[in-house]
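>>> make a model of this:
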Amino acid sequence: MAIILGIDPGSRVTGYGLIRSVGSKLEFIACGCVRTSSEDQPPRLKQIFTELCSVITEFKPDEAAVEEVFMGRNAASAIKLGQARGSAMVACLSQDLPVAEYSARKVKQAIVGAGGAEKAQVQHMVKALLSISDTLAEDAADALAVAICHANTNNSLIKMAGASKFARRRLR
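Purely as a prediction, here's the structure:
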């Protein structure tokens, strides 16, 4: 059994989602968004770090997974996104959480079966896979998708290795 924290980083909105993975069974724990309030980048990064540290302290996940930066046409936006991603990763690492990274394409493929899936398709499948009936914020749904991708990747690696049991322990 492992509690996985998924993170969808953004400089204005960073989504997070927590799931419990028990074998191939996934259970929803919580999700939400860190909505930054400042216009300046440094205070945003601090807010992302601080709020994610609070989430980690409250839910005590065993591992974390973060979506990689997508390089679009705007280099300045990609840099800000990378900084937000770094802030999120440092929050996890400061709490001794192992961090895995996944591309958006890999996450979409793991959830929907197609790397070019639309956000609405991902959101629909996340709700179906975790039996969530409530409306999810887009960034929170993306973060849950990252967590599901990580859980499925771990399960696949365990099966490929032929392991019948696998213990997950937090390193201290």
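>>> contacts, neighbours, all on C-alpha from now
Will do.
>>> so what does the longest helix seen in the chain touch, helix or strand wise?
Ranked by residue count under DSSP state H, the longest helix found in the chain is helix 138-161. Using 3 or more C-alpha pairs under 8 Å, 6 or more residues apart in numbering; DSSP states H and E as the contact test, the elements touching helix 138-161 are strand 2-8, strand 13-22, strand 25-35, strand 63-67, helix 104-112, helix 119-129.
>>> buried residues in that helix?
Within helix 138-161, the residues scored as buried using 16 or more other C-alpha atoms under 10 Å are 138-152, 155.
>>> alpha carbons only: can I get it in CSV?
Extracted in CSV, the C-alpha atoms of helix 138-161 (Å, rounded to 0.1, in the frame of the first residue of the first chain):
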residue,chain,number,x,y,z
GLU,A,138,-8.9,20.9,-14.1
ASP,A,139,-5.5,21.2,-12.4
ALA,A,140,-6.5,18.9,-9.6
ALA,A,141,-7.7,16.3,-12.1
ASP,A,142,-4.4,16.5,-14.0
ALA,A,143,-2.5,16.0,-10.7
LEU,A,144,-4.6,12.9,-9.9
ALA,A,145,-3.8,11.7,-13.4
VAL,A,146,-0.1,12.0,-12.7
ALA,A,147,-0.5,10.0,-9.5
ILE,A,148,-2.5,7.3,-11.3
CYS,A,149,0.2,7.1,-14.0
HIS,A,150,2.8,6.7,-11.3
ALA,A,151,0.8,3.9,-9.5
ASN,A,152,0.3,2.1,-12.8
THR,A,153,3.9,2.4,-13.8
ASN,A,154,5.0,1.0,-10.4
ASN,A,155,2.5,-1.9,-10.7
SER,A,156,3.8,-2.7,-14.3
LEU,A,157,7.4,-2.7,-13.1
ILE,A,158,6.6,-5.1,-10.3
LYS,A,159,4.8,-7.5,-12.6
MET,A,160,7.6,-7.3,-15.2
ALA,A,161,10.1,-8.2,-12.4
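>>> fine by me, we can end here.
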